[in-house]
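1. sequence first, predicted coordinates after that:
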Amino acid sequence: MYEGGIRMPFLISWPGHINKGKTDDLSLVTATDLLPSLAKMAGISLPLSYKGDGIDRSHVFMGQPSLRNKEMFWEYGRNDIAYKYTRPVDKSPNLAIREGEWKLLMNSNNADMQLYNIVKDKKETTNLADAEPEVTSRLKDKLLDWWNSLPKPN
């Protein structure tokens, strides 16, 4: 759940539309953003009934960096069978949320709360959970609301 495990480069090419050789290490795009973004770039309207989790990030692909204005959520390891670790010290928290410049990691039982300003601290070296209690609390509530809305395995 740390950046070394979830941050991945993304390359896009569209000769005549997207400038070559431009890099952007600020913007975030998730796989769920691809459909609305690429549809917009292709001039295709999605059905009004479309209720995907992604948002249009086509401006990022076209060279206009920006933070994502919608939270991103992650979960890893839903059970103690397939994800049983013999050495818990090697395991990151199982839930994460990214909102703007903030990223909160925590376990679903509220343990191991870690807050990072991911724009200033990409390597997640300084846990700000105690120093930023309002941000930590707000993101914790959003993350648990999201996690509790997911179907649970049998």
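-> Here it is on my side, so go on.
2. now the helix or strand where residue 141 lies: buried residues?
-> When secondary structure is defined using DSSP states H and E, the element that contains residue 141 is helix 133-149. For helix 133-149, burial by neighbour count (16 or more other C-beta atoms under 10 Å) applies to 135-136, 139-140, 143, 147. Yep, even glycine has a C-beta here, placed from its N, CA and C like the rest.
3. and for stretch 42-53?
-> Applying 16+ other C-beta under 10 Å to stretch 42-53 flags no residue as buried.
4. can you check stretch 66-77 too?
-> Counting neighbours by 16+ other C-beta under 10 Å, one finds that the buried residues in stretch 66-77 are 68, 72-74, 77.
5. put the alpha carbons of it into PDB.
-> Below are the C-alpha coordinates for stretch 66-77, written out as PDB (Å, rounded to 0.1, in the frame of the first residue of the first chain):
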ATOM      1  CA  SER A  66      -3.300  18.600 -11.600                       C
ATOM      2  CA  LEU A  67      -4.100  16.800  -8.300                       C
ATOM      3  CA  ARG A  68      -7.100  14.500  -8.600                       C
ATOM      4  CA  ASN A  69     -10.200  16.100  -7.000                       C
ATOM      5  CA  LYS A  70     -11.800  12.800  -6.000                       C
ATOM      6  CA  GLU A  71     -10.500  10.400  -3.400                       C
ATOM      7  CA  MET A  72      -8.900   7.100  -4.400                       C
ATOM      8  CA  PHE A  73      -9.200   4.000  -2.100                       C
ATOM      9  CA  TRP A  74      -7.300   0.800  -1.900                       C
ATOM     10  CA  GLU A  75      -7.700  -2.400   0.100                       C
ATOM     11  CA  TYR A  76      -5.300  -5.300   0.300                       C
ATOM     12  CA  GLY A  77      -5.800  -8.600   2.000                       C
END
